[in-house]
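**Q** Here's a sequence, model it:
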Amino acid sequence: MMDHSRNRNAQAATGTGTSHQPAPTSPDPKLNHLLGALPPEEYDRILPHLELVALPLDETLCEAYFEMKYVYFPLDCIVSLLGIMENGGSAEISVVGNEGIVGVSLFMGGETTPSRAVVQAGGHAFRLKGSLLKEAFYRAGPMQRLLLRYTQALLTQMAQTVVCNRHHSLDQQLCRWLLLSIDRLGNNHLLMTQELIANMLGVRREGVTEAAGKLQKAGLIHYYRGHIEVLDRQGLEHRTCECYEVVKREYDRLLPHSEAQ
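**A** Presented below is the predicted three-dimensional model:
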């Protein structure tokens, strides 16, 4: 299972990690749906404090029980929240992309969380000091209402992941995971090894190899050297369980993409 050095985890948790990934040209913070949903006054208040950062694949943004100094608004990357076992094993409990924020524990008052946040698909995000987000949240205005609705949607995803892992086949789980990932990435391509997928789903690599092989044979995906291309999204939706639609419906209901809140 995935493991990281304590020094790297401490750097990530405190926001001191570095990356050599080139930044895109003048990205719009509103590519993140939460930032895009803020009314102009609230958006203009935090805009000067947003910092563009590169998040490479497998970067740890927050280790379990470390206090986060920053929250992250992904643009074109995906971050997995992983439940961690004492023996080092892990399994994904939720995934965050351009629809959300990494760092819910900061504004919910817990400060830390027993989960680990790891970059699943590399890209970029805007980060904001946690203290500034808490100031905006405790003003009890539009930012608070938006973040509370996002938290409700995130909790739905976590709960449905538990149900899915307990009651549905690995084939169905993989379809759900692929659909949730491409929804948050904005395209049909993922750079993802089978070993990393196995870590995310909390299963053996051989099981992922078999499930991915079935999807490829059915013409739904193309997998090659760690690259996954979704060829038939409708086919994946037909093959997955109801868990994907439950999560998607709740996100769509709570978090409209374009309306100011």
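
**Q** I'd like the next helix or strand past the longest helix along the chain.
**A** The residue-count maximum for a helix in the chain (DSSP state H) belongs to helix 142-167. Note on helix 142-167: by DSSP states H and E, the next helix or strand toward the C-terminus is helix 170-185.

**Q** And the next helix or strand along the chain from that following helix, what does it pack against?
**A** For helix 170-185, the succeeding helix or strand toward the C-terminus, using DSSP H and E, is strand 189-191. In this structure, strand 189-191 makes packing contacts with helix 170-185, strand 227-230, judged by 3 or more Cβ pairs under 8 Å, 6 or more residues apart in numbering; DSSP states H and E. All C-beta spots, glycine's among them, are computed from the backbone N, C-alpha and C.

**Q** Give me the buried positions along the longest helix of the chain.
**A** Within helix 142-167, the residues that qualify as buried are 142-144, 146-147, 149-151, 153-154, 156-158, 160-161, 164-165, counting by 16 or more other Cβ atoms under 10 Å.

**Q** Need the winner for burial among the helices and strands packed on strand 189-191.
**A** Of all the helices and strands packed on strand 189-191, helix 170-185 carries the top mean neighbour count, a mean of 22, counting by mean count of other Cβ atoms under 10 Å.

**Q** quick revisit: TSV for the helices and strands packed on strand 189-191, including distance to Gly122 and mean pLDDT?
**A** Below are these laid out as TSV (distance: least, Cβ to Cβ, whole Å; pLDDT from 0 to 100):
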stretch	distance to Gly122	mean pLDDT
helix 170-185	10	91
strand 227-230	13	92
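
**Q** which ones are touching the residue of the chain most remote from its centre?
**A** In the chain, counting by Cα atoms, centre = their mean, Lys217 sits farthest out from the average C-alpha position, at 28.1 Å. Not one residue lies near Lys217 by Cβ atoms under 8 Å, 6 or more residues apart in numbering.

**Q** Lowest-scoring secondary structure element of this protein by mean pLDDT?
**A** The weakest-scoring helix or strand in the chain, judged by mean pLDDT, DSSP states H and E, is helix 6-14 (a mean of 42).

**Q** Now find how far off-centre the helix or strand following it is within its chain.
**A** For helix 6-14, the following helix or strand on the C-terminal side (DSSP H and E) is helix 33-36. Using Cα atoms, centre = their mean, to the nearest Å, the mean C-alpha position of helix 33-36 is found 15 Å from that of the whole chain.

**Q** pLDDT of helix 33-36, averaged?
**A** The average of the pLDDT scores along helix 33-36 is 96.

**Q** Pull out the CA atoms of that helix and give them to me as CSV.
**A** The C-alpha coordinates for helix 33-36 follow below in CSV (Å, rounded to 0.1, in the frame of the first residue of the first chain):
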residue,chain,number,x,y,z
HIS,A,33,-16.8,25.6,-9.2
LEU,A,34,-16.8,26.8,-5.6
LEU,A,35,-14.9,29.9,-6.4
GLY,A,36,-17.0,30.4,-9.5
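
**Q** which parts of the helix or strand following it are buried?
**A** Following the chain from helix 33-36 toward its C-terminal end, the next helix or strand by DSSP H and E is helix 40-46. Applying a neighbour-count criterion of 16+ other Cβ under 10 Å, one finds 42-43, 45-46 buried in helix 40-46.

**Q** All good on my end, thank you.
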